[in-house]
Each structure stands twice: as structure tokens, then as C-alpha cells.
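Student: got a predicted structure here, sequence first:
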Amino acid sequence: MGKPNAGKSTLLNALLGQKLSIVTSKPQTTRKRIVGILSEEDYQIIFLDTPGILTPGYLLQEKMMDYVDQSIRDADVFVMIMDVNSDSDLNWLLTNEGLQKSFYPRDKKKILAVNKSDATDPQKAEKIIAAIQEKKLFDEIVSVSAMYKKGTDKILEFIVNNLPEHPKYYPDDIVAEENERFFVSEIIREKIFELYQEEIPYSCEVLIEEFKEIEGRKDLIRAEIVVERESQKGIMIGKQGSAMKKLGQLSREGIEEFLERPVFLELRVKVREKWRTNERFLKAFGYSNDEQDL
């Protein structure tokens, strides 16, 4: 868990040893809970990658925080991550009483990953860690660089040492709960975050309309990109379709790398006004308040 853009998805990918969660430089990239599974001979860790913790401003963000709340109830071990260069992350950890009361069950083990240590002065990092240690919120604090996989071994060791004993939940060859359709939609959404500016990425949702494996030919994937306004549709498509062509190319390359096979990708854009604040649309897009669905 952590604030938006602290590096949660990058850390998950580093711990798993493969890319599972999409990663961009923009905050609030992760919208749903991503379940990643790491299986070794004597342990299995089920990671819950959650959206960044924020104060919701509209219904979609409320749904995102539902995933955080449910993950808190499900988890046996907590890994909080903060950006060492973010004053807001530090202030939030040190002063937010709601954080201490709601996000830290006393009977659960907690480790703090002070992330992006490669991009800051070591003395500054030491002072930050010392200030947090005084609050006694965590059982352990480690300095890490999720991007370069530095210090992540200490996090794995902490988790393994504090996992409850239990038979494995999943076969060893399973690395995620979600199916290929989900990850394909996430890859397209990742490319939208990379290519478009300002509000456009946050106003988009990606739905996979068709995913067909064709023997002897490329897989056929048809995806719908949902936006909130006609003006956003025009920006998504671009002059003479130039922006959509670029999005399609990058998305297809990312999908083929993930699936390890060639695909034919077709994208189209639809307008669903104010979908981020519409309960019916959000439920249709897979955002649910039902804990059984989370």
C-alpha cells in the first residue's frame, strides 16, 4: 500500500520477477486490485497490489478505495511503500491519525519500503527513516529502489518470515488470478497513460469486446476505449487518426510481448458521459462494492 505514484506496482513487478502490473509516471495508474502469486518450494506469497491511497473525489475513486479496504482486511502482512523524495508521503505517514488507526491492525506485521533511494542523498534518506522509526508504526523499515531491485530481497525475507503456515492456495505455475483479457486491457490503458496528457488518461476505460485465438493465424482482439466527452474522443483519435494509430501500434507491441504471440488489434472509441460517476457504468466495467467480487 501507499500513496499514488509511490512505486507500488514497480515493487510488485520486482518482487515477482516479471511485469504483471502496469507502470507509468502518472499517479493513479492502478485502479483495481492486482493479485500476483510468487511460488517457491517452501512458500507461496499472494501479493495484493492496490490503488494509491487518496481522498476520493468521485465515485470511481471511491470504488478504488474499496479495493484498498478489502485488501487490508485480507492481508496477513503489510508492505507500505513511500517515495523518499515526496514530502507529502512523509507528512502523511507521520501525521495522519486515520492511517494509523485504519491501516495498521495491531496484530499484523508491517514493513515500510522507503522507495527511490537511488534518486536521493543517502543522508536525507537516513534522516527520514529515523523520523519514521520514532513513531514506531512499523516492525521494520528498509531503503529500496524498486526500479533497480535494490533492497527487495529484504522485503521478501520479512514477508516469508511472517507468513502464516498453510497449504499453498494456487498451483506453482499460476502467477495471477486475472485472465489474459484483463491484462490486455491494462496494457492498452498503460499506453494511453504514456501517450496522452492531462485529464485524458483518467477519463478512459478499456473494455475487451472480443478475444479470439485463431489456429494458424494471429489472435483477434477488439477493444473499446470509453471516454466521457466527444472532445476527448477527438483527442484520442487525433488528426487523420494519427494518435489512434500510434496507440494501436504501441499497444499491439506490448500485448504481443506479454502473450508471446502475434495479435491483430482493433481499437475504437466510444463516449459514455460521466461514466466515472455513474454506478451502472462502473459496475458494468468491473468495479463492484460487493466484497465477494473483490
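Tutor: Arrived safely. Numbers count the residues shown, from 1 in each chain.
Student: CA only for contacts and neighbour counts going forward, please
Tutor: OK.
Student: any idea what the closest residue to Lys218 other than its chain neighbours is bridged to?
Tutor: In space, and not counting its chain neighbours, Lys218 is closest to Val263: 4.7 Å by CA to CA, 6 or more residues apart in numbering. Beta-bridge partners of Val263, counted by DSSP bridges, are Asp219.
Student: what about Val263, how many residues nearby?
Tutor: 20 (other CA atoms under 10 Å).
Student: so Tyr202: helix, strand or coil?
Tutor: Following DSSP: H, G, I helix; E, B strand; the rest coil, the label given to Tyr202 is helix.
Student: that one: neighbour count?
Tutor: The burial count for Tyr202: 19, using other CA under 10 Å.
Student: what's the answer for Lys8, then?
Tutor: 28.
Student: kindly report the same for the one 10 residues further on.
Tutor: Residues lying near Gln18 (other CA under 10 Å) number 12.
Student: try Lys274
Tutor: 12.
Student: check the one 10 residues further on too.
Tutor: Residue neighbour count, defined by other CA under 10 Å, stands at 10 for Ala284.
Student: cool, Pro164 as well?
Tutor: Neighbourhood size, Pro164 [other CA under 10 Å]: 10.
Student: now swap in Val184 and tell me
Tutor: Val184 has 24 nearby residues by other CA under 10 Å.
Student: same thing with the one 5 residues further on?
Tutor: Other residues lying near Arg189 total 24 when counted by other CA under 10 Å.
Student: tell me the SS of it?
Tutor: helix.
Student: helix, strand or coil for the spatially closest residue to it that is not a sequence neighbour?
Tutor: Spatially, and ignoring its direct neighbours in sequence, Arg189 is nearest to Val206 (6.4 Å; CA to CA, 6+ apart). Classification of Val206 using three-state DSSP returns strand.
Student: for Val206, report the pLDDT, please.
Tutor: Looking at Val206, its pLDDT reads 98.
Student: quick one: residues contacting it.
Tutor: Ser185, Glu186, Ile188, Arg189, Ala223, Glu224, Ile225, Val226 (CA atoms under 8 Å, 6 or more residues apart in numbering).
Student: what's across from it in the sheet?
Tutor: Beta-bridge partners recorded for Val206 (DSSP bridges): Ile225.
Student: likewise for Val142?
Tutor: Per DSSP bridges, the residues bridged to Val142 are Ala113.
Student: can you pull the contacts of it?
Tutor: Per CA under 8 Å, 6+ apart, neighbours of Val142: Ile111, Leu112, Ala113, Val114, Gly151, Lys154, Ile155.
Student: wait, isn't the second one in contact with Ile132?
Tutor: No - applying CA atoms under 8 Å, one finds Leu112 not in contact with Ile132, separated by 9.4 Å.
Student: who's more crowded, those two?
Tutor: Here Leu112 and Ile132 are compared on neighbour count by other CA under 10 Å; more neighbours surround Leu112, at 24 against 17.
Student: one step back: only whichever of the contacts of Val142 are buried, select them in ChimeraX.
Tutor: In ChimeraX, this line selects whichever of the contacts of Val142 come out buried by 16 or more other CA atoms under 10 Å:
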select :111,112,113,114,151,154,155
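Student: among the contacts of Val142, which one lies nearest to Asp74?
Tutor: Set against Asp74, the nearest of these by CA to CA is Ile111 (16.5 Å).
Student: how far away is the closest one from Ile188?
Tutor: For Ile111, the distance to Ile188 equals 33 Å [CA to CA, to the nearest Å].
Student: cool, Pro27 as well?
Tutor: Taken as CA to CA, the span from Pro27 to Ile188 is 17 Å.
Student: more neighbours, these two?
Tutor: Ile188 (25 against 16).
Student: now do the contacts for that one.
Tutor: So Ile188 contacts Val206, Leu247, Ser251 (CA under 8 Å, 6+ apart).
Student: with distance to Pro51 added, can I get the residues you listed in CSV?
Tutor: As requested, those are exported to CSV (distance: CA to CA, whole Å):
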residue, distance to Pro51
Val206, 17
Leu247, 24
Ser251, 22
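Student: what sits against the residue nearest to Lys218?
Tutor: Lys218, Asp219, Leu220, Ile221, Arg252, Ile255, Glu256.
Student: closest one of these to Leu267?
Tutor: Ile221 (8.6 Å).
Student: ok, which stretches of the stretch 101-250 of the chain are strands?
Tutor: 109-115, 140-143, 205-212, 219-227 (DSSP state E, counting those that start in this stretch).
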